[in-house]
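Student: Sharing a model prediction with you, sequence too.
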Amino acid sequence: MNNKKSRQSRALALALLTLGATSGVHAADEAVIQQSFYPYQNDKPSFAGLSAGMTINKGNVAQFKEILDPAFYGFIEKGWVELKVGDTTSFDLHPNYVEATRQHMDTVKLGAKPGEISGAVAGRPFPQEPDANDPRAGEKLAWNYKYGYNWGDSAAISPFYWKFRDMNTGKLERTIKFDFHFLNFTRRVNQEPTPAITPNPSQLFRGIYVKAQEPYDVRNTQLLIHRAEDDLKRDNSWLYLGFQRRVRRLATGQVTDAFLGSDLMIEDFEGYNGRISDMQWSYKGTRFMLMPFYNHNDLTLDSETHKDSDGYQVVAFGGQGGCFPNITWQLRKVYEVESVPVDGSHPLSKRVHYMDAQTFTVPRTVSYDRKGSMWKTFTIGQAHPDHHLPKNKGSGVSIDDSFTMIDIQAMHCTTGQFKGQVDPEMSKPEMFSVQHMRATGN
């Protein structure tokens with residue numbers, strides 16, 4: 001009888017220990033989720049002398065050097081631009097994406113070499129804080145960006161104005177009007193069908209489709225990019241040139257050429273538009289930095305050009321050469337990540353990406369030429385979806401809303417003014433095909 005009671009007691013104790021351990025694991029996982037997706041819930045970052053509403057200019061920039069990247073610090077120091085500080089606000093991603101992360105976070109693992117991953121069904125693959133002692137921490141952050149909620153399951157930028165400018169004189173050399181479309185074939189968490197579009201015989205992860213609308217000499221020029229689920233497979237990319245009226249496949253090296261004469265490579269899109277396996281990734285640290293996040297509807301917008309029939313106005317530009325968006329910047333938690341091309345013939349020696357820790361967008365990137373000198377610097381303004389177009393409200397998408405790519409060496413820039421629309425009707429699967437390019441190219 002005593003032995004029986006003893007066995008029962010041991011069994012009960014074991015059950016309680018197991019339950020306690022399981023609860024502890026769940027609590028730990030939930031703490032990771034909260035820190036990753038809601039970093040400003042309990043405390044906002046601060047820096048001595050910094051306050052919302054102030055302007056940072058060449059007269060006071062020295063005291064804020066620690067919270068600026070070196071390229072933008074140089075711009076302010078030269079008097080090329082002033083930076084307006086806004087209040088730090090939370091850019092909450094869609095709850096379905098957060099829940100997908102919660103469900104799958106304990107199953108995700110890197111493979112033996114860069115580009116290999118398993119268990120990443122949906123959501124953020126590695127929500128845990130990066131470890132400086134982990135040699136693959138940078139690679140994990142790169143996967144978080146690749147599988148991020150950038151434009152959600154699908155979206156469009158329509159219209160999208162690119163302007164080429166001489167930075168010395170401010171002369172506007174050219175304006176191209178585009179439509180950009182983005183579609184996730186897999187890892188879908190919000191827009192039907194979920195979790196994947198079928199059939200998907202090519203096993204695609206993502207598609208990007210671009211069409212030029214104006215001016216006449218580039219009208220109907222189209223770009224199509226297919227990115228495979230398997231990161232070790234090269235992207236398939238096609239270009240349709242309106243004046244030639246034919247589709248041709250892009251060679252691998254062409255994604256690092258100037259796109260239609262701009263200061264951007266195709267590989268630059270969204271901060272980085274390539275494979276994880278094409279780069280060596282290094283985590284350089286976590287810090288608070290000023291980043292281009294704002295409420296679009298609260299800005300003084302461009303009332304002179306590109307006003308749509310629905311009254312939507314794009315972001316205005318100013319500063320040296322008209323190369324800088326007139327936006328506000330927030331102090332935010334940032335991961336600094338360096339990417340070095342595997343291919344020695346690549347035109348860059350490295351990029352330094354400043355990844356926003358909450359959204360995993362890449363609002364700031366500084367690129368260096370083969371000699372190691374600073375060459376180009378990319379800013380992508382992030383607008384809160386609840387202070388933008390009505391259709392974007394509640395989407396949980398950090399809206400790409402303005403950009404500037406500045407070639408420091410050539411004193412030239414390409415700027416972008418967006419009308420970003422999270423609308424599945426605008427980016428249907430049939431658009432992301434070579435047949436569609438041919439059918440719409442005439």
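Tutor: Done, it's in.
Student: Can you tell me the SS state at Asp29?
Tutor: helix (DSSP: H, G, I helix; E, B strand; the rest coil).
Student: what lines up beside the helix or strand containing Gln330 in the sheet?
Tutor: Per DSSP states H and E, Gln330 falls inside strand 328-341. Strand 328-341 sits in its sheet next to strand 83-85 (parallel), strand 279-291 (antiparallel), strand 348-356 (antiparallel), going by DSSP bridges.
Student: average pLDDT for it?
Tutor: For strand 328-341, mean pLDDT rounds to 98.
Student: Then stretch 87-99?
Tutor: Here the average pLDDT along stretch 87-99 is 98.
Student: Dump it to CSV, keeping only the CA atoms.
Tutor: Taking C-alpha atoms only, stretch 87-99 is exported to CSV below (Å, rounded to 0.1, in the frame of the first residue of the first chain):
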residue,chain,number,x,y,z
ASP,A,87,7.6,60.5,-32.0
THR,A,88,8.5,56.8,-31.8
THR,A,89,5.4,54.8,-32.7
SER,A,90,4.6,51.1,-33.0
PHE,A,91,4.2,49.6,-36.5
ASP,A,92,2.2,46.5,-35.5
LEU,A,93,2.4,43.8,-38.1
HIS,A,94,-0.8,41.8,-39.0
PRO,A,95,-1.9,39.5,-36.1
ASN,A,96,-2.0,36.5,-38.4
TYR,A,97,1.7,36.9,-39.2
VAL,A,98,2.5,37.2,-35.5
GLU,A,99,0.4,34.1,-34.8
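Student: buried set for it?
Tutor: Of all the residues in stretch 87-99, those buried under the rule 16 or more other CB atoms under 10 Å are 88-89, 91-94, 96-98. Using the backbone N, CA and C atoms, a C-beta is placed for each residue, glycine as well.
Student: same thing with stretch 170-186?
Tutor: Buried-residue list, stretch 170-186, by 16+ other CB under 10 Å: 175-186.
Student: residues contacting Gln382?
Tutor: 91, 291-294, 356, 359, 361, 363, 398-401 (CB atoms under 8 Å, 6 or more residues apart in numbering).
Student: typed the wrong thing, it's Cys323
Tutor: Contacts of Cys323 (CB under 8 Å, 6+ apart): 80, 165, 167, 317, 404, 406, 413, 415.
Student: part of a strand, is Lys177?
Tutor: Yes. Assignment of Lys177 by three-state DSSP places it within a strand.
Student: Centre of the chain to the helix or strand where Phe164 lies, how far?
Tutor: Element membership for Phe164 (DSSP H and E) is strand 154-166. Its chain's C-alpha centre lies 15 Å from the corresponding centre of strand 154-166 when counted by CA atoms, centre = their mean, to the nearest Å.
Student: partners of that strand in the sheet?
Tutor: strand 172-184 (antiparallel), strand 412-421 (antiparallel).
Student: Now do the longest one: everything it contacts.
Tutor: To tie it back to what came earlier, the one meant is strand 172-184. With CB under 8 Å, 6+ apart, strand 172-184 has contacts from 150-166, 197, 205-215, 218, 260-262, 322, 426-427, 429, 431-432.
Student: all helices for the stretch 301-442 of the chain, in order.
Tutor: 434-440 (DSSP state H, counting those that start in this stretch).
Student: what bits of it have low per-residue confidence?
Tutor: 442 (pLDDT under 70).
Student: what about the stretch 1-150 of the chain, any weak spots by pLDDT?
Tutor: Judged by pLDDT under 70, the stretches of the stretch 1-150 of the chain that qualify are 1-25.
Student: give me that answer again for 80
Tutor: 1-28 (pLDDT under 80).
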